[in-house]
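In: Structure, please.
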Amino acid sequence: MKFNTKTIHGGQKEVDPAYNSVMPPIYQTTTYKQVSPGEHKGFAYSRSGNPTRAVLEQSMASLENGTHAMAFGSGLAAIDAVLKLLIPGDEVITTSDLYGGTYRLFTRIYAHFGIKFHFIDLDQLAELNQFINPNTKLVWIETPTNPMMNIIDIEAVSKISKKHQLLLAVDNTFATPYLQQPLDLGADIVMHSATKYLGGHSDVVMGTLVVKDQELARRLYFIQNASGAIPGPQDCFLVLRGIKTLHVRMQRHCENGRAVAMALRNHPQVDKVYWPGFSDHPHHEVAKKQMKDFGGMVSFTTVEGTQESALKMLKSLKIFSLAESLGGIESLAGHPATMTHASIPKEERERTGVVDALIRLSVGIEDDQDLVNDLHQALGD
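Out: Coordinates of the predicted model:
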């Protein structure tokens with residue numbers, strides 16, 4: 001089954017057996033009648049499993065070419081579940097250019113439980129080797145990274161991880177399985193903030209994990225059930241509905257992302273533009289190798305280079321909305337230093353390029369010329 005067909009049918013039964021409904025129903029129930037203790041039709045209590053959630057999880061496993069998937073109440077809840085695989089004394093190697101919420105979870109919660117984190121430049125594989133020691137258990141990467149749009153070679157990192165028997169987890173939120181499938185490149189775990197492109201309509205918060213190792217799946221399912229950070233059936237229905245148009249939306253996100261990136265690069269008031277589709281992007285060849293296209297996320301700085309100039313530009317936008325999050329059908333603009341990455345100390349975030357003048361765009365699926373015109377007028381044309 002090809003990917004575009006998988007978004008609609010992958011991992012799902014033909015119809016619901018109760019009334020032959022084409023769309024999976026919302027099973028808004030907490031519990032299920034049992035014939036006798038332990039004898040039921042596959043579901044006993046909706047924290048442990050729900051038919052609507054099960055269809056979503058099967059769909060996600062299909063899209064990522066995995067065998068098992070778990071849905072969580074948010075992307076951070078999904079990351080939290082992965083970290084619960086670790087014990088005090090374990091170490092994690094991750095990228096220095098990282099989503100602020102992930103950084104906060106690592107440094108302000110799990111670091112206090114005896115987990116040590118190394119934030120390094122993961123496009124330098126020699127540096128990765130230097131930090132591996134007997135306590136290292138997990139490598140956590142984003143690619144493309146948030147918000148600097150760096151690209152990490154998943155296959156190359158996987159080879160090193162496997163050599164040292166480390167788990168490799170990839171945050172695939174920016175790319176989605178439409179653009180890249182990390183399990184096929186050697187990753188052990190794929191994480192999505194399904195809030196973003198998978199849901200696609202800015203109306204649901206959710207996270208997912210996908211794996212293809214049965215024992216790893218068993219451990220993560222135990223954590224999902226025991227910790228209970230699960231989504232409700234209505235949210236599962238919304239993400240499943242979003243997935244059914246993922247392929248057509250992502251095609252337009254990529255087309256519009258390209259148009260916006262090119263327009264910004266040619267604008268006299270713009271200094272730097274971060275988008276992996278540029279041929280002179282330092283990781284362009286890696287992006288071409290592991291991604292189908294370059295996505296709809298673009299970051300840039302203005303020539304003036306101050307927080308004041310960035311905020312002035314953001315407040316002048318008319319079609320782009322100044323808002324947190326990304327990946328919806330509507331175009332959003334954000335200021336990472338004060339919004340998504342505010343939890344990272346200024347010195348650390350600026351070292352990775354997240355300066356006060358940086359603006360991050362989530363390019364939606366509106367008309368591309370309207371988006372370009374909006375950016376031009378906000379920049380002072």
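
In: What residues does residue 325 make contact with?
Out: Applying Cβ atoms under 8 Å, 6 or more residues apart in numbering, we find residue 325 in contact with 195-196, 202, 332, 362. The C-beta positions use only the backbone N, C-alpha and C, and glycine is treated the same way.

In: Neighbours of residue 171, how many?
Out: Other residues within reach of residue 171 by the criterion other Cβ atoms under 10 Å amount to 27.

In: re the thing from before, out of the contacts of residue 325, who's the most crowded?
Out: Going by other Cβ under 10 Å, residue 362 tops the contacts of residue 325 with 26 neighbours.

In: Go ahead and report the secondary structure state at the closest residue to that one other than its chain neighbours.
Out: Taking Cβ to Cβ, 6 or more residues apart in numbering, and ignoring the residues beside it in sequence, residue 362 has residue 326 as its nearest neighbour in space, at 3.6 Å. Classification of residue 326 by DSSP: H, G, I helix; E, B strand; the rest coil places it in coil.

In: so what's the closest residue to residue 147 other than its chain neighbours bridging to?
Out: Counting by Cβ to Cβ, 6+ apart, residue 147 lies nearest to residue 360, which is 4.2 Å off, once chain neighbours are set aside. Taking DSSP bridges, one obtains residue 299, residue 334 as the residues bridged to residue 360.

In: and the gap between residue 360 and residue 296?
Out: According to Cβ to Cβ, to the nearest Å, residue 360 and residue 296 sit 11 Å apart.

In: Show me which of these two is the more surrounded one.
Out: In this view residue 360 and residue 296 are compared by other Cβ under 10 Å, and residue 296 has more residues nearby, 29 against 24.

In: Alpha carbons only: can I get the helix or strand harbouring residue 235 in PDB?
Out: Residue 235 is part of helix 233-243, with elements assigned from DSSP states H and E. This file holds the C-alpha atoms of helix 233-243, laid out as PDB (Å, rounded to 0.1, in the frame of the first residue of the first chain):
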ATOM      1  CA  PRO A 233     -11.500   9.200  22.200                       C
ATOM      2  CA  GLN A 234     -12.700  12.600  20.800                       C
ATOM      3  CA  ASP A 235      -9.100  13.700  20.400                       C
ATOM      4  CA  CYS A 236      -8.100  10.400  18.800                       C
ATOM      5  CA  PHE A 237     -11.000  10.800  16.300                       C
ATOM      6  CA  LEU A 238      -9.800  14.400  15.400                       C
ATOM      7  CA  VAL A 239      -6.200  13.300  14.800                       C
ATOM      8  CA  LEU A 240      -7.300  10.300  12.800                       C
ATOM      9  CA  ARG A 241      -9.400  12.600  10.700                       C
ATOM     10  CA  GLY A 242      -6.400  14.900  10.200                       C
ATOM     11  CA  ILE A 243      -4.200  12.000   9.100                       C
END
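
In: Which elements pack onto it?
Out: Judged by 3 or more Cβ pairs under 8 Å, 6 or more residues apart in numbering; DSSP states H and E, the packing partners of helix 233-243 are helix 51-63.

In: Mind listing residues that contact the helix it packs on?
Out: Taking Cβ under 8 Å, 6+ apart as the rule, helix 51-63 contacts 1, 3, 6-7, 10-13, 24-27, 42-43, 46, 66-71, 177, 192, 198, 208, 210, 230-231, 233, 236-237, 239-240, 243, 246.

In: picking up where we left off before, show me the contact partners of the helix holding residue 235.
Out: 7, 23-24, 26-29, 46, 50-53, 55-56, 59-60, 63, 71, 194, 198-201, 203-206, 231.

In: is it true that residue 85 touches residue 138?
Out: Yes - Residue 85 sits in contact with residue 138 when judged by Cβ atoms under 8 Å, with a separation of 7.5 Å.

In: got a list of what residue 352 touches?
Out: By Cβ under 8 Å, 6+ apart, residue 352 lies in contact with 96-97, 148.

In: Repeat the analysis, applying 6 Å as the threshold.
Out: Under the criterion of Cβ atoms under 6 Å, 6 or more residues apart in numbering, the contact partners of residue 352 comprise 96-97.

In: Could you list the domains of the chain?
Out: 3-243, 246-378 (automatic domain parsing).

In: Output those domains as TSV; include the columns mean pLDDT.
Out: Conversion of the domains of the chain to TSV gives the following (pLDDT from 0 to 100):
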stretch	mean pLDDT
domain 3-243	96
domain 246-378	96
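
In: Show me the strands in the stretch 251-381 of the chain, by range?
Out: Using DSSP state E, counting those that start in this stretch, the strands assigned to the stretch 251-381 of the chain run over residues 270-274, 297-302, 321-322, 332-334, 359-362.
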